[in-house]
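Asks: got a sequence here, can you model it:
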Amino acid sequence: MFFDLQHTDPHSQARAGVVHTDHGDILTPIFMPVGTDGTVKCIHQHELRDDIHAQIILGNTYHLYLRPGTDILYKAGGLHRFEKWNRPILTDSGGYQVFSLTELRKMTEEGVHFSSHIDGRKLFFTPESVMDIERLIGADIMMAFDECCPGTADRAYAKASMERTHRWLDRCIQRFDSTPDLYDYRQHLFPIVQGCVYPDLRQEAAKRLRDLDRDGYAIGGLAVGEPTEKMYDMIEVVNDILPQNKPRYLMGVGTPWNILEAIERGVDMFDCVMPTRNGRNGMIFTINGVMNMRNLKWADDFTELDPDGTCFVDHDYSRAYVRHLVQAKEGLGLQILSLHNLTFYLHLVTMARQHILAGDFKTWKDALVPQLQQRL
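Replies: The predicted structure is shown next:
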């Protein structure tokens with residue numbers, strides 16, 4: 001059994017479960033720190049393991065293919081051994097990165113021609129080549145190659161994009177199922193539900209993917225320009241159809257309140273660059289709201305960075321000191337804030353799990369969301 005659904009909140013669709021992989025179990029709901037280039041920015045592996053308690057991290061297929069390259073990763077024995085991480089890894093398909101290179105790519109039915117953003121090299125991704133790349137990277141959970149449709153696309157474009165994603169998915173599955181795991185553990189393939197903000201397209205995609213009976217499912221193409229309420233609506237549409245006994249992964253989302261709202265609607269797994277990216281730009285998330293550490297108001301505030309936090313690191317650092325580090329562009333400041341944000345995100349989903357198991361998730365979440373959204 002790849003996924004064990006343990007409990008569903010009686011007043012919402014929120015779920016608590018366990019994803020079983022050969023690199024360890026993942027308690028859900030879970031947030032997955034993003035390690036684009038084989039590292040979570042500003043964070044040591046021992047901090048991910050011992051301080052943040054990350055159960056799974058991400059690698060980015062597009063970036064890892066460009067550097068260090070699959071030859072190096074294969075010689076190292078896969079990404080786990082290359083970066084000294086012995087817990088699960090998930091890789092995206094590179095689709096979002098390729099399709100964001102609007103001026104540098106050309107899409108055909110066969111695949112996508114694009115130019116490297118690093119050195120301009122001409123490259124070509126197909127569903128088959130992406131499966132081979134992800135096999136070589138060695139992720140426990142691999143994403144199928146898809147087209148990430150803009151959130152503002154018209155219905156005709158969204159339908160054509162979804163249908164292309166489905167044709168590519170058939171090729172991904174054929175390649176995945178006909179090739180062996182390269183290392184000494186099992187790999188799993190997740191299809192991605194697309195369809196933009198059109199309920200009938202999302203329903204069509206979810207039904208088609210459900211019938212494939214894969215180990216888990218991803219929901220893509222959200223938080224890419226559409227209104228937030230549309231995102232929530234599409235999550236509900238999709239999760240009404242996807243099987244109950246498989247994990248559901250919402251790709252690239254989002255703020256702490258986005259995550260709680262999506263958990264309420266039945267999502268199990270999340271990733272986003274926001275904790276580390278915002279941390280590197282001087283912003284942190286706390287249980288009481290959002291803090292911009294560049295603000296002058298913190299210059300002579302010698303209160304601990306997050307005195308109400310129950311799990312966070314280095315409480316002895318004052319707000320004034322952290323602001324000074326940020327203003328001076330010291331690496332330690334970026335590290336402290338990134339570490340804080342990731343710890344907060346992991347603590348938040350752990351609290352969500354506890355409240356799901358206790359049966360009071362919705363009451364807890366409804367009270368907490370307005371608090372999280374405050375600007376301090």
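
Asks: got the buried residues for stretch 185-203?
Replies: 187-198, 201-203 (16 or more other CB atoms under 10 Å). For the C-beta atoms, the positions are set from N, CA and C on the backbone; glycine is no exception.

Asks: show me these that map onto helices.
Replies: Here DSSP state H is the test, and those give 201-203 as lying in helices.

Asks: turn those residues into a markdown table, including pLDDT and distance to T36.
Replies: A markdown table is the format used below for those (pLDDT from 0 to 100; distance: CB to CB, whole Å):
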| residue | pLDDT | distance to T36 |
| --- | --- | --- |
| L201 | 98 | 29 |
| R202 | 98 | 28 |
| Q203 | 98 | 32 |
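
Asks: nearest spatial neighbour of the residue positioned nearest the centre of the chain, chain-adjacent residues omitted?
Replies: The centroid of the chain falls nearest to D271 when counting by CA atoms, centre = their mean (1.8 Å). Leaving aside its sequence neighbours, D271 sits nearest to M32 (CB to CB, 6 or more residues apart in numbering; 4.3 Å).

Asks: repeat that for P127.
Replies: P127 sits nearest to R171 (CB to CB, 6+ apart), 3.9 Å away.

Asks: show the pLDDT at D308.
Replies: Per-residue confidence (pLDDT) for D308: 80.

Asks: measure it to R202 for me?
Replies: Separation of D308 from R202 (CB to CB, to the nearest Å): 39 Å.

Asks: so what touches stretch 123-136?
Replies: 61, 64-65, 70, 73-74, 78, 91, 93-94, 98, 110-116, 142-145, 168-169, 171-172, 175-176, 179, 181-182, 187, 189 (CB atoms under 8 Å, 6 or more residues apart in numbering).

Asks: in ChimeraX, select just the buried ones from the residues you listed.
Replies: The ChimeraX command for the buried members of the contacts of stretch 123-136 (criterion: 16+ other CB under 10 Å) is given here:
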select :61,64,65,70,73,74,78,91,93,94,98,111,112,114,142,143,144,145,168,169,171,172,175,176,187,189
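
Asks: picking that back up, correct me, but the residue nearest to D271 touches D92?
Replies: No. Between M32 and D92 there is no contact under CB atoms under 8 Å: 10.6 Å.

Asks: hey, what's in contact with both of those two?
Replies: Both M32 and D92 are in contact with L58, where contact means CB under 8 Å, 6+ apart.

Asks: compare the two (neighbour count), which wins?
Replies: The neighbour comparison of M32 against D92 (other CB atoms under 10 Å) goes to D92, with 31 against 24.

Asks: please enumerate the strands of the stretch 201-350 of the chain.
Replies: Secondary structure of the stretch 201-350 of the chain by DSSP state E, counting those that start in this stretch: the strands cover 217-219, 248-250, 269-271, 283-286, 289-292.

Asks: make JSON lines from the ones you listed and add mean pLDDT and distance to D240 to it.
Replies: Below are the strands of the stretch 201-350 of the chain laid out as JSON lines (pLDDT from 0 to 100; distance: least, CB to CB, whole Å):
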{"stretch": "strand 217-219", "mean pLDDT": "98", "distance to D240": "12"}
{"stretch": "strand 248-250", "mean pLDDT": "98", "distance to D240": "11"}
{"stretch": "strand 269-271", "mean pLDDT": "98", "distance to D240": "18"}
{"stretch": "strand 283-286", "mean pLDDT": "96", "distance to D240": "30"}
{"stretch": "strand 289-292", "mean pLDDT": "97", "distance to D240": "32"}
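
Asks: for M234, the count of nearby residues, please.
Replies: Quick note: M234 (other CB under 10 Å) scores 26 neighbours.

Asks: next one: E229
Replies: Neighbours of E229 using other CB under 10 Å come to 9.

Asks: per-residue pLDDT, it?
Replies: If you check E229, the pLDDT there is 96.

Asks: kindly report the same for Y317.
Replies: 89.

Asks: ok, and the closest non-adjacent residue to it?
Replies: L305 (5.2 Å).

Asks: gap between the one you found and V267?
Replies: In terms of CB to CB, L305 sits 30 Å off from V267.

Asks: same check, this time on S178
Replies: Look at S178 and V267: by CB to CB, they are 31 Å apart.

Asks: higher neighbour count, the two?
Replies: V267 (25 against 9).

Asks: who touches stretch 108-118?
Replies: Applying CB under 8 Å, 6+ apart, the contact partners of stretch 108-118 are 66-67, 98-99, 101, 104-107, 121-127, 129, 164, 167.

Asks: partner strands of the helix or strand containing L123, parallel or antiparallel?
Replies: Under the criterion of DSSP states H and E, L123 resides in strand 122-125. When pairing is defined by DSSP bridges, strand 122-125 lines up against strand 112-115 (antiparallel).

Asks: state the mean pLDDT of the partner strand.
Replies: For strand 112-115, mean pLDDT rounds to 88.

Asks: how far out from the middle of the chain is it?
Replies: 24 Å (CA atoms, centre = their mean, to the nearest Å).

Asks: buried set for stretch 14-26?
Replies: Within stretch 14-26, the residues that qualify as buried are 14-19, 21, 23, 26, counting by 16+ other CB under 10 Å.
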